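# here are the coordinates; sequence isn't available:
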């Protein structure tokens with residue numbers, strides 16, 4: 001079940017701001033200092049080698065990373081399920097997609113030998129690895145295990 005609201009810490013003054021779930025994906029401002037708050041994505045985030053650190057390792061949310069390729073049938077098969085998980089658990093879990101052909105350095109760094117490979121990061125640390133396509137129920141169970 002999706003959250004009714006989430007807390008986002010302002011990166012400027014560190015105040016916690018409560019964001020209603022229906023406002024996720026919109027630009028907001030801190031109730032204390034008025035600065036712009038980080039936007040919570042409503043779908044998977046495309047991650048590259050240059051954005052990996054900020055989007056995955058420095059994320060305040062657990063991140064489910066999908067290593068995929070456009071030519072991969074199983075990757076295309078689970079893509080709609082990953083989009084559904086990203087929308088359902090927005091503000092609780094981030095779903096990131098890394099094109100393994102375009103980001104071979106990341107594939108090598110995490111020893112991705114087959115796709116799809118799903119990695120889960122929490123607090124910048126790799127905590128789970130799953131290779132192969134999973135049905136929606138198993139993808140959701142994987143995601144739920146890491147939601148705060």
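Arrived safely. All of these numbers come straight from a predicted model, not from anything done at the bench.
# looking only at pLDDT, what's the mean for stretch 22-30?
The pLDDT scores in stretch 22-30 average 81.
# Return the set of buried residues in it.
24, 28, 30 (16 or more other C-beta atoms under 10 Å). In short, each C-beta sits where N, CA and C put it, glycine included.
# quick one, phi psi at the second one?
Spelled out, it's residue 28. Main-chain torsions, residue 28, degrees, to the nearest 10: phi -130, psi 170.
# list the contacts for it?
Listed by C-beta atoms under 8 Å, 6 or more residues apart in numbering, the contact set of residue 28 reads 8, 17, 19, 36-37, 39.
# average pLDDT for the longest helix seen in the chain?
Using DSSP state H to define each element, the chain has its longest helix at helix 73-88. Mean per-residue pLDDT for helix 73-88: 95.
# who touches it?
For helix 73-88, the surrounding residues in contact (C-beta under 8 Å, 6+ apart) are 2, 41-44, 64, 66, 68-70, 93-95, 97, 115-116, 132-136, 139-140, 143.
# let's go with 7 Å and repeat that
If you take C-beta atoms under 7 Å, 6 or more residues apart in numbering as the criterion, helix 73-88 is touched by 2, 41-44, 66, 68-69, 95, 115-116, 132-134, 136, 139-140, 143.
# What helix or strand is residue 43 located in?
Following DSSP states H and E, there is no helix or strand that holds residue 43.
# Let's see the distance spanning stretch 53-66 from one end to the other.
By C-alpha to C-alpha, to the nearest Å, the extent of stretch 53-66 from end to end equals 15 Å.
# buried set for it?
Residues of stretch 53-66 classed as buried: 55-56, 59, 61-66 (neighbour count, 16+ other C-beta under 10 Å).
# on that earlier part again, among the contacts of helix 73-88, name the buried ones.
Buried by 16+ other C-beta under 10 Å: 41, 44, 66, 68, 95, 115-116, 133-134, 139-140, 143, out of the contacts of helix 73-88.
# so where is the chain shaky, pLDDT-wise?
Counting by pLDDT under 70, the chain has low-confidence residues at 1-3, 148.
# go again using 90 as the cut-off
Counting by pLDDT under 90, the ranges of the chain that qualify are 1-12, 14-28, 36-43, 58-61, 87-92, 147-148.
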